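*Asks:* Make a model of this:
(one chain, ligands or ions: 2)
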Amino acid sequence: MNAVLANETLIRASAFAGVFLLLIAAETLWPRRRLVMARAVRWPTNLAIIALGNLSVRILAMAPAPLTAAAMAVAAERHGVGMLQLTPAPIWAKILVGVLLLDLAIWAQHVAFHRLAWLWRLHAVHHADRDIDVTTALRFHPLEIVLSMLYKSVVVAIFGTPLLSVIVFEIGLNACAMFNHANVHLPRNVDRIVRLVFVTPDLHRVHHSVHADEHNSNFGFCLSVWDRLFGTFREQPRDGHQGMSIGLNPYQNATPGRLSWALALPWRSDRT
Ligand SMILES: [Zn+2]
Ligand SMILES: [Zn+2]
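*Replies:* Ligands and ions are numbered 1, 2, ... in the order given. Below is the predicted model:
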């Protein structure tokens, strides 16, 4: 297991790079919307924010205490702590349940980041992006990344989530987030079938609408079932995918494309 943990960074980085490049090619070939801002303006900022988030997680991983989900999973397995560790079930079932519980936990975390004002300050950085594409998927303030990782560690400790669940989930979450933020046109029939289980780009785009009622819906990142189950599911944006405005109402200008502005947004007095 420790060998798996040691290679986790490499496994995640390879999966990330592969999906990232494939989706950029798909966005270029089959774009869903015309971008409002040039990639050359938004991408350096989004990529810098992603790099700062990764650095934050690396720093957490260096701590002697298990502060990342993967490190906590190793500790839970070693000490037999957590509900799944204490349940007599086949390992494949524990891995599957572990992944599903993590996806539900991240759905609940996303709801909290919208409902609690001090968490929304951080999450607004993700929503301020004027377009959504594959780089928006990981545009989260580094403090949100740190809080999310600490939260996932607690979830893993409570449920005794197996390490393989954590690795499958982390890779899956990144891949799903990049897919459902991608500015890619999916044929309507494909979207209709995929959205029965997974969050599609059209579903997540509703969540990036400037309208508050729309951005307070479709909180899922991987599975669409949680929003259907808890009554926060919305099929389409009222202004249509081409006509809808993306971002936050006070910032329908070029400022969300600036790195310093994005990092300071949680402390701005005029933020929404
Ligand atoms: Zn959100
Ligand atoms: Zn998003």
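
*Asks:* Rounded mean pLDDT for the helix ranked longest in the chain, please.
*Replies:* For the chain, the helix with the greatest residue count under DSSP state H is helix 2-29. Averaged across helix 2-29, pLDDT comes to 84.

*Asks:* Next: stretch 175-192.
*Replies:* Mean pLDDT, stretch 175-192: 96.

*Asks:* Next up, the contacts around K94.
*Replies:* L84, T87, P162, S165 (C-beta atoms under 8 Å, 6 or more residues apart in numbering). (Each C-beta comes from the backbone N, C-alpha and C, glycine too.)

*Asks:* switch the cut-off to 7 Å
*Replies:* L84, P162 (C-beta atoms under 7 Å, 6 or more residues apart in numbering).

*Asks:* what's the answer for the one 10 residues further on, then?
*Replies:* Residues near L104 by C-beta under 7 Å, 6+ apart: W226.

*Asks:* and it, what pLDDT?
*Replies:* pLDDT, read off for L104, is 97.

*Asks:* The helix or strand hosting L203 packs against which elements?
*Replies:* Using DSSP states H and E, L203 maps to helix 201-207. The helices and strands touching helix 201-207, judged by 3 or more C-beta pairs under 7 Å, 6 or more residues apart in numbering; DSSP states H and E, are helix 163-181.

*Asks:* Go through the very next helix or strand once past the helix it packs on and flag the buried ones.
*Replies:* On the C-terminal side of helix 163-181, the nearest following helix or strand under DSSP H and E is helix 188-194. Using 16 or more other C-beta atoms under 10 Å as the test for burial, helix 188-194 gives V194.

*Asks:* what does helix 188-194 rub up against?
*Replies:* So helix 188-194 is contacted by T200, D202 (C-beta under 7 Å, 6+ apart).

*Asks:* tell me, how many neighbours does L164 end up with?
*Replies:* When neighbours are defined as other C-beta atoms under 10 Å, L164 has 18 of them.

*Asks:* quick one on the thing from earlier: any residues touching the helix holding L203, and which ones?
*Replies:* Contacts to helix 201-207, defined as C-beta under 7 Å, 6+ apart, come from residues 32, 132, 180-182, 184, 186, 191, 195, 214-215, 217-218, 224, 234, 236-237, 241.

*Asks:* Give me the buried entries from these.
*Replies:* Among the contacts of helix 201-207, the ones that count as buried by 16+ other C-beta under 10 Å are 32, 132, 180-182, 184, 186, 195, 214-215, 217-218, 224, 234, 237.

*Asks:* gap between the residue lying closest to L67 once chain neighbours are set aside and I11?
*Replies:* Excluding its sequence neighbours, the residue lying closest to L67 (C-beta to C-beta, 6 or more residues apart in numbering) is L60, at 4.5 Å. For L60, the distance to I11 equals 18 Å [C-beta to C-beta, to the nearest Å].

*Asks:* So for those two, which residue has more residues nearby?
*Replies:* L60 (19 against 13).

*Asks:* Brilliant, that's me finished.
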